[in-house]
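Visitor: I need the structure of the sequence given here:
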Amino acid sequence: MKRIFFCLFAVLCLSATVNAQSKYDDSPNNTAFFGEFGGPGILFSANLDKRFTQSRFGIGGRVGLGFVTSEFSNYNGSYYDYKTQSVVTIPVQLNYIFGKPNSSHGLEIGIGGTYIGKKVDVFSMLDNQEGTQFYGTFSFKYRRVPVNGGFTWNVGFSPLLAKGIIVPFAGVGFGYAF
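Guide: Below is the predicted model:
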């Protein structure tokens, strides 16, 4: 899973470098910055989404920075000590947005991974262990991207995969396309 995460991250970095060195200007709306509740960032994340083409639709990727809060317990001999812990998350995804050229409506389908700074029991069915944690992520979302840029939003289904368990999850994001 670590190899997949780092390969996706490398592809995103290389594509941004290739697009920055192109001889033509970017068309409106092939880049978006948005905050998302739920989704691949688990609790909250700030994301940069970039199309690898000169269009609002087609193949692209996203990378984000977020956080998740989890409660954990330690047995101190005679009682359980419950503590809350906040941990950084880094969601990375490759995605494809389907849509018609003159429409602001799109369907996003994506696959990727989320790195969590420490292994925390985000979902009660998973084991709490020390070390780092990776979740596989998927996205099936409706995305609204205005034709000439501006306010954008998305909403949809973003299941998470961890330790062979698929956890149904949802996400909603709001941001700006440019």
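Visitor: use CA for all of it now, contacts and neighbours both
Guide: Will do.
Visitor: mind listing what Gly41 touches?
Guide: Gly64, Leu65, Gly66, Phe67, Val68, Thr89, Ile90, Pro91, Thr114 (C-alpha atoms under 8 Å, 6 or more residues apart in numbering).
Visitor: and the two most separated of those?
Guide: Spatially, the most separated pair among these is Gly64 and Val68, at 13.0 Å (C-alpha to C-alpha).
Visitor: which of those two has more neighbours?
Guide: The neighbour count for Gly64 versus Val68, taken as other C-alpha atoms under 10 Å, is higher for Gly64 (22 against 19).
Visitor: check the secondary structure at the residue of the chain most remote from its centre for me.
Guide: No residue in the chain sits farther from the centre than Ser78, which is 40.9 Å out by C-alpha atoms, centre = their mean. With DSSP: H, G, I helix; E, B strand; the rest coil as the basis, the three-state label of Ser78 is coil.
Visitor: circling back to that earlier point, quick one: which of the contacts of Gly41 is most hemmed in?
Guide: Neighbour counts for the contacts of Gly41, by other C-alpha under 10 Å, peak at Pro91, which reaches 27 neighbours.
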